[in-house]
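Visitor: sequence unavailable; structure follows:
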């Protein structure tokens with residue numbers, strides 16, 4: 001089972017990256033693979049075999065998560081959008097205790113909250129600015145590369161929901177369709193955008209989480225709270241509340257076991 005564990009963890013991260021309201025980066029942290037994966041990327045030129053052996057099954061899992069869950073996400077959002085979003089908000093709330101435990105493991109300072117507040121404001125501003133502009137993107141190679149950047153942001157920057165950014169940018173359906181139909185050309189452009197963003201920012205993000213642990217994690221929390229607020233779909237029904245509670249409970253149990261194990 002240990003051989004399949006990295007694939008399973010990658011699958012969960014991939015699902016989060018394509019699910020509105022969830023952050024692949026947040027799940028990577030609480031699953032314990034965020035820092036090791038960044039380390040593997042940063043040291044790949046020194047320890048190529050070791051880094052690739054760690055990253056490959058994780059990457060396969062991420063791709064599987066994107067593909068498998070991408071097949072059902074359009075249908076779910078089309079028929080049960082509000083209930084689905086409430087379920088995902090529940091998932092986020094359930095993951096908070098594990099994330100807070102990780103964020104405060106080196107202690108807590110008042111200045112951390114300032115970084116969280118600034119990140120929260122930036123997250124709100126960015127989300128509302130994109131939504132207000134009402135971008136209707138066509139499936140050009142530029143749009144697909146930007147979509148790849150958003151996907152990478154959701155995995156590299158904890159608290160960022162790449163799927164919400166894609167939806168507000170008008171590219172979510174195109175990305176889901178490209179993944180579900182294995183449109184190789186589109187996937188190449190998406191992968192190129194993600195790769196460029198990853199190369200440009202991975203070193204900085206790795207440094208931030210290693211050298212400024214508390215600041216980085218509280219910044220992630222600020223982005224996370226902003227994504228939850230902007231995702232809020234309106235007054236819930238009884239069914240919405242039920243699925244939110246189910247998501248919260250399931251997420252809490254899963255994250256607790258993952259972070260403890």
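Guide: Structure received. Please read all numbers here as calculations on a predicted model, not as lab measurements.
Visitor: low-confidence stretches in the stretch 101-250 of the chain?
Guide: Flagging of the stretch 101-250 of the chain using pLDDT under 70 yields the residue ranges 127-139, 159, 168.
Visitor: next, the buried residues of the helix or strand where residue 220 lies.
Guide: In the assignment (DSSP states H and E), residue 220 maps to helix 213-231. For helix 213-231, a neighbour-count test (16 or more other Cβ atoms under 10 Å) marks 213-228, 230-231 as buried. In short, each C-beta sits where N, CA and C put it, glycine included.
Visitor: and it, what does it pack onto?
Guide: With contacts defined as 3 or more Cβ pairs under 8 Å, 6 or more residues apart in numbering; DSSP states H and E, helix 213-231 has these neighbours: helix 24-30, helix 48-103, helix 110-133, helix 162-169, helix 184-211.
Visitor: let's see that with 6 Å instead.
Guide: Helices and strands touching helix 213-231, by 3 or more Cβ pairs under 6 Å, 6 or more residues apart in numbering; DSSP states H and E, are helix 48-103, helix 110-133.
Visitor: residue 184: how many residues sit nearby?
Guide: By the other Cβ atoms under 10 Å criterion, the neighbourhood of residue 184 contains 8 residues.
Visitor: before we move on, what about residue 48?
Guide: Look at residue 48: counted by other Cβ under 10 Å, it has 10 neighbours.
Visitor: hmm, back to that, residues contacting the helix holding residue 220, please?
Guide: Taking Cβ atoms under 6 Å, 6 or more residues apart in numbering as the criterion, the residues outside helix 213-231 that touch it are 21, 85, 89, 92, 103, 106, 112, 115-116, 119-120, 123-124, 127, 158-161, 208-209.
Visitor: now those: which count as buried?
Guide: By the neighbour-count criterion of 16+ other Cβ under 10 Å, the contacts of helix 213-231 include these buried positions: 21, 85, 89, 92, 103, 112, 115-116, 119-120, 123-124, 127, 158-161, 208-209.
Visitor: tell me the spacing between residue 61 and residue 10.
Guide: Relative to residue 10, residue 61 is positioned 2 Å away (Cβ to Cβ, to the nearest Å).
Visitor: again with residue 156
Guide: Taking Cβ to Cβ, one finds residue 156 at 15 Å from residue 10.
Visitor: more neighbours, these two?
Guide: Regarding residue 156 and residue 10, a neighbour count based on other Cβ under 10 Å identifies residue 10 as having more, with 27 against 24.
Visitor: helices or strands next to the host helix or strand of the more buried one in the packing?
Guide: With secondary structure defined by DSSP H and E, residue 10 is part of helix 5-18. For helix 5-18, the contact count by 3+ Cβ pairs under 6 Å, 6+ apart identifies helix 24-30, helix 48-103, helix 141-156 as packing neighbours.
Visitor: list the buried residues in it.
Guide: 6-18.
Visitor: give me the angle between that helix and helix 141-156.
Guide: Helix 5-18 and helix 141-156 are oriented at 120 degrees to each other (axes from the mean of the first three to the mean of the last three Cα atoms, to 10 degrees).
Visitor: got the angle for helix 5-18 vs helix 162-169?
Guide: Comparing the axes of helix 5-18 and helix 162-169 via the same axes, to 10 degrees yields an angle of 30 degrees.
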